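Trainee: here's a sequence, model it:
(chains A and B)
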Amino acid sequence: MRNPAIKLENLTYIYQPYGVVALEDVSFEVGEGEFVAVIGQNGSGKTTLLKNIVGLLKPTQGRVLVEGLDTRRSTVAELSRWVGLVLQNPDQQLFAQTVEEEIAFGPRNLNLPDTEVASRVEEAMAMLGLEPFRREFPLALSIGDRARVVIASVLAMRPRIILLDEPTMGQDYRGHHQIMGVAGQLHGEGHTIVIATHHVDLVAEYAQRVIVLCGGRILLDDTPAAVFSQPEVLRRTHIAPPQITQLAQALPSYLGLPRDALTVAELGEAVLEKVKIKRSLPRRS
Amino acid sequence: MDIGDPYIIIDNVSYRYPGTKCYALKELNLTIYKGEFVAILGEHLAGKSTFCQLLNGIIPNFKGGRMEGSVIVGGLDTQEVSVAELAQKVGIVLQDPEAQLFTTKVLSEVAFGPENLCLDVEEILERIKWALEVVHLTGFEERPPTSLSGGQKQRLAIAAALAMRPEVLVLDEATTQLDPVGTLEVFSVVRELNEKYGMTIVMATHKSDEVAQFADRVLILHRGRLIAQGTPQEVFGKAELLRRATIRPPQVSQLATYLEERSLHLSEFPITIEQAKRGIERLFNGETSR
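Mentor: Sure thing, here's the model as predicted:
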């Protein structure tokens, strides 16, 4: 049994001074190399959860272990070798004068030799298609490109675990798939990915596991198919399954189509198959 | 909602931002009618924000640049009247409400516009009361805007625009930061304004599921040009064009396209779950296809 990449033990987090309970008694493990999506309405605790994993917030009660390190006993700097966080709003994260500088900042702070820093910067820029912007001022780029610069700056730290907090917000369709594509690629290379998002269709397409938060507690923790087959439960945290899954659930069961279809292609293929069978049968008169 | 007379007439407009050679909008011709709910779809940098700012005169009066052609809003030529005057015809809500909200309480946020029109106190209070009612924020008057949720902030920004009693409400990706519930809150308020008060709505967005449900007409912008327009049903059926403009139609429309490309046609092109359900049932019950 491999060690979990992330382990939460009865994590409770309370924001002071108002005593807002953002997370309550949350426990789960994320295995090395998993691709996990965290969904839930605004205010359900997604961002608080990610900030606890990266160590920016320390548990009020319980513990968080990242690659075996207890976040209460480790500095954010120590943890940053293992886990990187891409924030919701790239503008809160960008500060350098050029894209190159922005991406180099992290690795430079690891005291790596210049050649190593340079090669990591090149690699991260190539992965996100940022080479044309290397000397641009990050904050002057479009929102989609700014988000990609942030992801690149996290990648350059080569963390095993990458957390993304609604990275697709404010992106168009192309941006969504670019960012999810990068997350999928990193996952393919063995990184552990945890992504908080509202885009259930992207979750259905990319994630292996979905954790549903509601009022700071875990409502569901299962495969996308199992989670989205429970629209009644999801409604409690104001989430609806992807539209295609809702259609699959609305179709009468005698049609024999998969009620847990997660993608357009999945339902489309099932319809084609059934119609083909039906048409090959002799017509009753 | 009955569609009325032409209200916004865009006549052969091309526009370049200052210091650029590239056209942000190119040869745009379009009429928007009173009481219409128009959605604008387009990928990033397609010209959606530029289009929105054209309607309240921010472009070109404030941003400068080179504009050709003319925009007439409620009988006023935007290049001849001030932005202040147009602000009483056209209210605008931006993508990030935090970029728009600036006061310490909800009441003063909504009061700011009408105060600047030098209206009577009673009139201002009445407008505030109405605007907060419309966006369902009555009772929040004393709250600091910073303490509101994303959906509430966005609705407050709408209330601030409404207090000016505009004829047209322009929303520039005003639901981007919201969860599905917040998004629906905003769309519902906007529809109410459209249906109940006959307000003309122009909404730039990426959320095609809601567009399918709410809009009368959809415009597709691509690299500054208007490349398609029509009812949601007409537009979401143009698979090739949407692909070129990288626009994601509702998943039920994607399904219909997926089937069409494999020679299986539904009896009507669906844009809602209900329509898709009906179409697939008919397919299986052997009714004649299109």
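
Trainee: point out where chain A drops to low pLDDT.
Mentor: Residues of chain A meeting the criterion pLDDT under 70: A:1-2, A:169-170, A:282-285.

Trainee: how about 80 then?
Mentor: Scanning chain A for pLDDT under 80 picks out A:1-3, A:18, A:88-92, A:142-144, A:168-172, A:174-175, A:178, A:278-285.

Trainee: run through the bridge partners of the residue most central in space within it.
Mentor: Centroid-nearest residue in chain A: residue A:195, 1.2 Å away (criterion: CA atoms, centre = their mean). Per DSSP bridges, the residues bridged to residue A:195 are residue A:37, residue A:164.

Trainee: any idea how far it is from residue A:10?
Mentor: Distance, residue A:195 to residue A:10, by CB to CB, to the nearest Å: 24 Å. In short, each C-beta sits where N, CA and C put it, glycine included.

Trainee: and for residue A:107?
Mentor: 35 Å.

Trainee: mind checking which of those two has more residues around it?
Mentor: Of the pair residue A:107 and residue A:10, residue A:107 is the one with more neighbours under other CB atoms under 10 Å in any protein chain shown, namely 22 against 12.

Trainee: is it true that the more buried one touches residue A:155?
Mentor: No: between residue A:107 and residue A:155 there is no contact under CB atoms under 8 Å: 10.0 Å.

Trainee: show me the shaky parts of the stretch 51-200 of chain B.
Mentor: The stretch 51-200 of chain B contains residues with pLDDT under 80 at B:96, B:99, B:149-151, B:176-179, B:181-182.

Trainee: that one: helices as residue ranges?
Mentor: Taking DSSP state H, counting those that start in this stretch as the test, the helices found in the stretch 51-200 of chain B are B:83-86, B:106-116, B:121-134, B:150-162, B:180-197.

Trainee: single out the most deeply packed of the ones you listed.
Mentor: Across the helices of the stretch 51-200 of chain B, averaging neighbours per residue (mean count of other CB atoms under 10 Å in any protein chain shown) puts helix B:150-162 on top, at a mean of 26.

Trainee: what angle separates that helix from helix B:106-116?
Mentor: Angle, helix B:150-162 to helix B:106-116, by axes from the mean of the first three to the mean of the last three CA atoms, to 10 degrees: 20 degrees.

Trainee: what sits up against helix B:150-162?
Mentor: With CB atoms under 8 Å, 6 or more residues apart in numbering or on different chains as the test, helix B:150-162 has contacts from A:42, B:91-94, B:97-98, B:100-101, B:106, B:109-110, B:112-113, B:128, B:130-132, B:134-137, B:140, B:145, B:148, B:169, B:171, B:174-175, B:177-179, B:181-183, B:185-186, B:189-190, B:193.

Trainee: any residues of the stretch 51-200 of chain B in contact with chain A? List them.
Mentor: B:95, B:149, B:150, B:151, B:173, B:176, B:177, B:178, B:179, B:180, B:181, B:182 (CB under 8 Å from any CB of the partner chain).

Trainee: residue B:46: which of the residues you listed is nearest?
Mentor: Using CB to CB, residue B:173 comes nearest to residue B:46 of these, at 11.7 Å.

Trainee: contact partners for the residue lying closest to the closest one once chain neighbours are set aside?
Mentor: Leaving aside its sequence neighbours, residue B:173 sits nearest to residue B:95 (CB to CB, 6 or more residues apart in numbering or on different chains; 4.2 Å). Going by CB under 8 Å, 6+ apart, residue B:95 touches A:170, B:49, B:172, B:173, B:174, B:176, B:177.

Trainee: and the third one, bridged to which residues?
Mentor: It stands for residue B:172. residue B:204.

Trainee: and residue A:89, how far from chain B?
Mentor: Using CB to the nearest CB, to the nearest Å, one obtains 9 Å as the distance from residue A:89 to chain B.

Trainee: number of residues surrounding that residue?
Mentor: A count of nearby residues for residue A:89, using other CB under 10 Å, gives 18.

Trainee: confidence score at residue B:287?
Mentor: Listed pLDDT for residue B:287 reads 53.

Trainee: for chain B, what spans make up the strands?
Mentor: For chain B, the strands defined by DSSP state E occupy B:6-16, B:25-33, B:37-41, B:66-73, B:76-77, B:90-93, B:168-172, B:200-204, B:217-222, B:225-230.

Trainee: CSV for those, including mean neighbour count?
Mentor: Formatted as CSV, those follow (neighbours: other CB atoms under 10 Å in any protein chain shown):
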stretch, mean neighbour count
strand B:6-16, 18
strand B:25-33, 17
strand B:37-41, 25
strand B:66-73, 18
strand B:76-77, 14
strand B:90-93, 25
strand B:168-172, 24
strand B:200-204, 25
strand B:217-222, 22
strand B:225-230, 17
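
Trainee: can you name the residues of chain A that neighbour chain B?
Mentor: A:41-43, A:142-144, A:169-175, A:198, A:201, A:238-240, A:242-244, A:246-247, A:250-252, A:255, A:257, A:264-265, A:267-268, A:271-272, A:274-275, A:278.

Trainee: quick check: ChimeraX command selecting the buried ones in those.
Mentor: Buried residues among those (16 or more other CB atoms under 10 Å in any protein chain shown), as a ChimeraX selection:
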select /A:41,42,43,143,144,169,170,171,172,173,175,198,201,238,239,240,242,243,244,246,247,251,255,257,264,267,268,271,274,275
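
Trainee: export stretch B:152-170 as CSV, just CAs?
Mentor: Output in CSV follows, covering the C-alpha atoms of stretch B:152-170 (Å, rounded to 0.1, in the frame of the first residue of the first chain):
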residue,chain,number,x,y,z
GLN,B,152,-25.2,39.1,-3.8
LYS,B,153,-22.4,41.4,-4.9
GLN,B,154,-23.3,40.9,-8.5
ARG,B,155,-27.0,41.6,-7.8
LEU,B,156,-25.9,44.7,-5.9
ALA,B,157,-24.0,45.9,-8.9
ILE,B,158,-27.2,45.4,-10.9
ALA,B,159,-29.2,47.4,-8.4
ALA,B,160,-26.8,50.3,-8.6
ALA,B,161,-27.2,50.3,-12.4
LEU,B,162,-31.0,50.0,-12.0
ALA,B,163,-31.3,53.0,-9.7
MET,B,164,-30.4,55.1,-12.8
ARG,B,165,-33.7,53.7,-14.3
PRO,B,166,-32.0,52.7,-17.6
GLU,B,167,-33.8,51.5,-20.6
VAL,B,168,-31.1,49.0,-21.4
LEU,B,169,-29.2,46.9,-19.0
VAL,B,170,-25.8,45.6,-20.4
